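> coords below, sequence missing:
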DNA sequence: TATCGATATGTTTATAAATATATATCGATT
DNA sequence: AATCGATATATATTTATAAACATATCGATA
């Protein structure tokens, strides 16, 4: 039987989830792939779902996170903005901090 | 527009959620009410759902968390065990620690 | 032994979330 | 203007989750 302590963080806008580990990974994959569809399939997620995530980020956020291009020589493409890169760094730092705490606090599992 | 950073913790057993804020609150209410049905209605949750939570805790955990009595002078009742009280204390401490971090890290919201 | 309030559990209905299917759009390149 | 790969979006279908409803069980007490 595998016991685990899990600590997660995310950001809400008006009570609704806006940014968390899933979107972080999606942004990172868009950065390395240069394509939303490729990023989606790497995550085993439908293109539609990925597109809706990005659309939500871009439309509810104060600034765009991803620039989507349709048509052109390769049919289209996607790239993340400086604003997105900044958030990625901050969010990863926080995640690491929480990962440390998770390790420090494992003893709570003895109470299960 | 209300931005919020949220940090939450829970415990999984074999990848499945086993204990978190909801069950913590349920145990606490059982403690103060002495009744599962009253605890459930205080949380605005169906008795059935609450019973299933407690049944899950008792059957998947190493020791019982709640003792349920049926029949008797008041028709029945519920009380939590020492094991449960111990977990409540530990989990609340951890939650408070995470609450502090949430406050310390609010600046990440500026990156949204 | 009939009552009462609380536990115990099955069945059904409604709602929401995830997934799948289909099609339209775009624009540099050929 | 035809092609291609990727974005854009609607609609349908399935699956999962939750809520509602119904009923059975228990045992001290009267």
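Structure's in. What do you need? This one's a predicted model, so the numbers in the text were calculated from it and none came from an experiment. Numbers count the residues shown, from 1 in each chain, chains lettered A, B, ... in the order given.

> What's the local residue count around whichever residue of chain A sits closest to DNA strand C?
Going by CB to the nearest atom of the strand, DNA strand C is nearest to residue A:71 of chain A, at 2.2 Å. In short, each C-beta sits where N, CA and C put it, glycine included. Look at residue A:71: counted by other CB atoms under 10 Å in any protein chain shown, it has 8 neighbours.

> any idea how far it is from residue A:65?
Plainly put, residue A:71 is 21 Å away from residue A:65 if you go by CB to CB, to the nearest Å.

> Please, where are all the helices along chain A?
Counting by DSSP state H, chain A has helices at residues A:21-33, A:36-42, A:47-60, A:82-104.

> quick one: contacts of the last one?
Spelled out, it's helix A:82-104. Contacts with helix A:82-104, where a contact means CB atoms under 8 Å, 6 or more residues apart in numbering or on different chains, come from A:5-9, A:19, A:21, A:24, A:27-28, A:31, A:61, A:63-66, A:80, B:7, B:97-98, B:101, B:105, B:108, B:111-112.

> Please compute how far it lies from its chain's middle.
Averaging C-alpha positions (CA atoms, centre = their mean, to the nearest Å) puts helix A:82-104 11 Å from its chain's average.

> touching DNA strand D at all, that helix?
No. Against DNA strand D, helix A:82-104 shows no contacts by CB under 7 Å from any atom of the strand, the least distance being 14.6 Å.

> Could you do the second one as well?
Yes. Remark: helix A:36-42 sits within contact range of DNA strand D at A:36, A:37, A:38, by CB under 7 Å from any atom of the strand.
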